[in-house]
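A.B. asks: have a look at this fold, sequence not included:
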Ligand code: SF4
C-alpha cells in the first residue's frame, strides 16, 4: 500500500469554509469547575478539534470549523454537558469538494 497518496483529515478539512454566527454558537459547554469524563472525551473525538482545555482546566468549545458531524452530541448532550443545535440558516460549515 502506498501511503504517499493518502490525504490527511486536516488537509481535507482545509477545503471547508465556515460562516461564523457571531455571538450565537450552535454548541455550548455547560459551566463546570472540573470536566466530566464526557467533556474530556470531546478533546479526542472531535475531528475538527473544536474542543480545548483552558488554563483553568475547563473544557471550552470554539465552533469555527465544526463540520456538524454530531459526535460530541452523541457523547455529551445526554449527560447535559453540552447543548447542541444546528446553526441558523446561512451560517456554519460550507463543504467544498475539490
Ligand atoms: Fe466537533 Fe463534530 Fe461536535 Fe462539530 S459536531 S464540535 S465537528 S464533534
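C.D. replies: That came through fine. Computed from a predicted structure; not experimentally measured.
A.B. asks: Provide a list of residues in contact with the closest residue to residue 71 other than its chain neighbours.
C.D. replies: Using CB to CB, 6 or more residues apart in numbering and skipping the chain neighbours, the partner closest in space to residue 71 is residue 45 (5.3 Å). All C-beta atoms are positioned from the backbone trio N, CA, C, and that covers glycine. Residue 45 makes contacts with 71-72, 75, as judged by CB atoms under 8 Å, 6 or more residues apart in numbering.
A.B. asks: now with 10 Å?
C.D. replies: 51, 69, 71-72, 74-76 (CB atoms under 10 Å, 6 or more residues apart in numbering).
A.B. asks: near the ligand, which residues of this protein?
C.D. replies: Residues of the chain lying close to the ligand (CB under 6 Å from any ligand atom) are 27, 46-48, 50, 66-72.
A.B. asks: which residue ranges of the protein form strands?
C.D. replies: With strands called from DSSP state E, the chain shows them at 17-19, 27-29, 51-53, 59-61, 82-84, 92-94.
A.B. asks: which of those sits closest to residue 9?
C.D. replies: Minimum separation from residue 9 across those (CB to CB) falls at strand 92-94, 14.4 Å.
A.B. asks: I'd like to know which elements the closest one is packed against.
C.D. replies: For strand 92-94, the elements it packs on are strand 17-19, judged by 3 or more CB pairs under 10 Å, 6 or more residues apart in numbering; DSSP states H and E.
A.B. asks: so which bits of the strand it packs on are buried?
C.D. replies: Judged by neighbour count using 16 or more other CB atoms under 10 Å, the buried positions of strand 17-19 are residue 18.
A.B. asks: which stretches of the chain have low pLDDT?
C.D. replies: Counting by pLDDT under 70, the chain contains low-confidence residues at 1-5, 97-98.
A.B. asks: so which residue is smack in the middle of it?
C.D. replies: Taking CA atoms, centre = their mean as the criterion, residue 50 is the residue nearest the geometric centre of the chain, at 3.7 Å.
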